[in-house]
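Fold the following, please.
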Amino acid sequence: METFTYYPGCTLRTKAKDLDTYARVSAKALNVALEEPSDWQCCGGAYTTAKDEIATKLSAVRALIAAREAGRPLITVCSACHNVIKQTNYDISCDEDMAAKVNNYLKLDEPYSGETKVYHYLEMLRDIIGFDELAKKVVNPFKGKKIAAYYGCLLLRPSKALAMDDPENPSIIEDFIRAIGGTPVIYSQRNECCGGYIALEDKLQAHKRSSAIMKSAEDQGADMIITACPLCMYNLRKNSGSELPVYYFTELLAEALGVKEESNE
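Residues are numbered from 1 along each chain as shown. All right, here's what the predicted structure looks like:
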């Protein structure tokens, strides 16, 4: 059994419980153990690029240290949490000044310099399980379903730090869709911004962006869209004006593996 230190993040405890619940039951079915740090804190939700402060990055550092102390990789499933933690880890490993500030502040017995390997859940499916092996475990394939992958901003960028896939022409979610028996839909807006954090301040712009994404997928014949981002889910469902169904990728995974009903137990 592969074991990961699992960082769920705040939103998966509130508005995005399905993203978390389906991730957990699916991991169990794939013989993967997800173990939370006992005292994790909010990652902050957005990565600050200011180099002269480290306070907003410390909760991510503590999660990374918890994984190192457990001797395991760290895994996330929320796009925003993954972006913050992966960028924090990358900057600590590349920026000696930032690493020194973090270690001086935390007064660690053993300095942290970015040793923890960080995976997104999708990367775990691709790189640890393998999509070919995942396909063998599917009992309810999405045969005949045209599924559009929506990446958004945070899974792919900045590409050097995230290093998940090609930021302009990604394939990881399309390969996931094939593994669960569906047909991926390629459309022009799949890695464009949904309006993200401006939704509270400028709903008109958020509507413009999210509706463009949904229309782009609809025009290519999509039956549904899947995402890994709670904020994207909110915008696409609430601000787009479209009736095209939007799901977390973990929900389709759980259904494909035949364990979706276990999430209600």
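
For the rest of this, base every contact and every neighbour count on C-alpha atoms.
OK.

tell me what the longest strand anywhere in the chain is packed against?
Assignment by DSSP state E gives strand 2-7 as the longest strand of the chain. In terms of contacts (3 or more Cα pairs under 8 Å, 6 or more residues apart in numbering; DSSP states H and E), strand 2-7 is packed against strand 32-35, helix 58-70, strand 74-76.

deepest of those, which one?
A comparison of those by mean neighbour count, using mean count of other Cα atoms under 10 Å, puts strand 74-76 on top with a mean of 28.

Paired strands for that strand, with orientation please.
The pairing partners recorded for strand 74-76 under DSSP bridges are strand 2-7 (parallel), strand 118-120 (parallel).

need the ones you listed in JSON lines with mean pLDDT, can you?
Listed next are the strands paired with strand 74-76 as JSON lines, based on pLDDT from 0 to 100:
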{"stretch": "strand 2-7", "mean pLDDT": "97"}
{"stretch": "strand 118-120", "mean pLDDT": "98"}
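
Let me know which of the ones you listed is tucked in deepest.
Ranked by mean neighbour count under mean count of other Cα under 10 Å, the strands paired with strand 74-76 are led by strand 118-120, which reaches a mean of 23.

Touching it from outside, list them.
73-77, 82, 85-86 (Cα atoms under 8 Å, 6 or more residues apart in numbering).

Moving C-terminal from that strand, which element do we reach first?
helix 121-123 (DSSP states H and E).

neighbouring contacts of that following helix?
75-77, 164, 172-173, 176.

Would you tell me which one of these comes nearest to Thr227?
Nearest to Thr227, judged by Cα to Cα, of these is Ile173 at 8.8 Å.
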